[in-house]
Every structure is written in structure tokens, then in C-alpha cells.
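In: Here is a sequence with its predicted model. Questions after.
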Amino acid sequence: MAQFADRLIQQILAKNSRSIVGLDPRVDQMPAFVRGHGEYAAITAFHELVIEAVADLVPAVKPQLAFFEQYGVVGMQAFENTVLAAKKRGLLVIADVMRNPAGTKLAWDFVRAHWNEIANLGGAFGGGMIVENTSSFCDAGMRDEVKDFFAAHHAPAAERSLKQSLERINYCVDLKAQQGTQLASWLQTHGSAAGE
């Protein structure tokens, strides 16, 4: 099987489109005809309609995981259905791996290794989403990597996002340094009470 980046390039060329459709479920903003059956049904039905409408036009969809997470278990079930529906229609799925602590380093390494392709595919604003996603990092070393990387690989449309991301990373690093010991102690004391 081809690498994801190769499959994305193939889809972009086949559909002559570099657009990606974001799927950010906000049930309260969905049409009334899909809202009446609960959050899970609304998200699933609406995304199936969107996917059906765009499948022949775009190479990929990007479900924003944070929007699904706000609906708890049903949101995550709806995320799974959204991914399955997109794949069934031949769309690639780009999920927000950088936010997930387990995928952060892997995703960041991928971005750095493939930056030129990512920047070229996304056009002038292509790097903005990547820069914004670095704000989930909570490590001084990764903060320095972000700063150094974007000093050498300018993303002009994302300068403000870069400043905000570095600020958020700094806040997280500082908070972790100030409260990490107390939090670890509390978790150790209360972890068994929570069934861990």
C-alpha cells in the first residue's frame, strides 16, 4: 500500500483539488431535520450528507476530534462512523494526531520530514493548521524545535498562530513545572480509588 502522502497527492491530482473539507460537529448549528434524533444520529446523518456531497470534489476530509470529544462516548462513536463513511466513499481522512499525546512526537517528526510537500499542497495558508496544532505540545524541547523549525521554514500566513502556539506551550511547560509534583502525588493517592 502506498504511503498516505502519496495517496493524498494521487487524490489531489485525480480530483484537481487541494481543498479539504473540515467536519467539526456542532449539533446546535445543524439543520433541524437531523437534530431531532439525538447527538449521535445528528452528527452521523449530517456528516453522511456532507461526505456524499463532496466525495467527488475533494481528496480528503478532516474531522476535528475535539468537536467530537465534546459529545463524549456518542461523539466518539459518531467520529468512527464519520471515518467509515468517508473511507467508503473513497475519501482520505486526516485526523488531528498532533493533539493526541501518543501521536504528538510521531506527527511532529512527519511534519518536519515532509514540510515542503505539506506547504506546497496547502498553498499560502497550508502551514497555518500545522502551526496551530503545535500549541498542544507541553515540552520545552519540542517548543524549541517548533521555534527553530519555523524560523527556518517561514509560514507567513501563520505568524500570529505561531506566536500563540509558543505562548500556549510556554504556559503548559510552566504549569507542569509548578504543579507536576503535586499532581503526581494526588494521582498516586487517589488513583486506586478511581479503579486504576
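Out: Cool, the structure landed.
In: pull the helix or strand with minimum mean pLDDT from this structure.
Out: Least confident helix or strand of the chain, by mean pLDDT, DSSP states H and E, is helix 115-122 with a mean of 72.
In: what's the following helix or strand after it?
Out: helix 126-133 (DSSP states H and E).
In: Leaving out the residues flanking it, which one is nearest to residue 15?
Out: residue 59 (5.5 Å; C-beta to C-beta, 6 or more residues apart in numbering). Placement of C-beta: from N, CA and C, glycine included.
In: quick one: the helices in this protein?
Out: Listed in chain order, the helices of the chain (DSSP state H) span 4-15, 32-35, 39-54, 65-69, 72-88, 104-113, 115-122, 126-133, 140-152, 159-190.
In: how big is the angle separating the longest one from helix 140-152?
Out: Computed with axes from the mean of the first three to the mean of the last three C-alpha atoms, to 10 degrees, the direction of helix 159-190 lies at 170 degrees from that of helix 140-152.
In: tell me what helix 159-190 is packed against?
Out: In terms of contacts (3 or more C-beta pairs under 8 Å, 6 or more residues apart in numbering; DSSP states H and E), helix 159-190 is packed against helix 126-133, helix 140-152.
In: any idea how far the shortest one is from the chain center?
Out: Meaning helix 126-133. 10 Å (C-alpha atoms, centre = their mean, to the nearest Å).
In: residue ranges with poor pLDDT in this protein?
Out: For the chain, applying pLDDT under 70 flags the ranges 1-2, 96-102, 121-127, 191-196.
In: Mind splitting it into its structural domains?
Out: 4-93, 98-179 (automatic domain parsing).
In: ok so, going back, among the helices and strands packed on helix 159-190, which is nearest residue 186?
Out: Distance to residue 186, taken as C-beta to C-beta, is lowest for helix 140-152 among the helices and strands packed on helix 159-190, at 23.2 Å.
In: residues in contact with that closest one?
Out: Counting contacts by C-beta atoms under 8 Å, 6 or more residues apart in numbering, the residues outside helix 140-152 that touch it are 104-105, 108, 112, 115, 131, 134, 137, 158, 162, 165-166, 169-170, 173.
In: Understood, closing this out.
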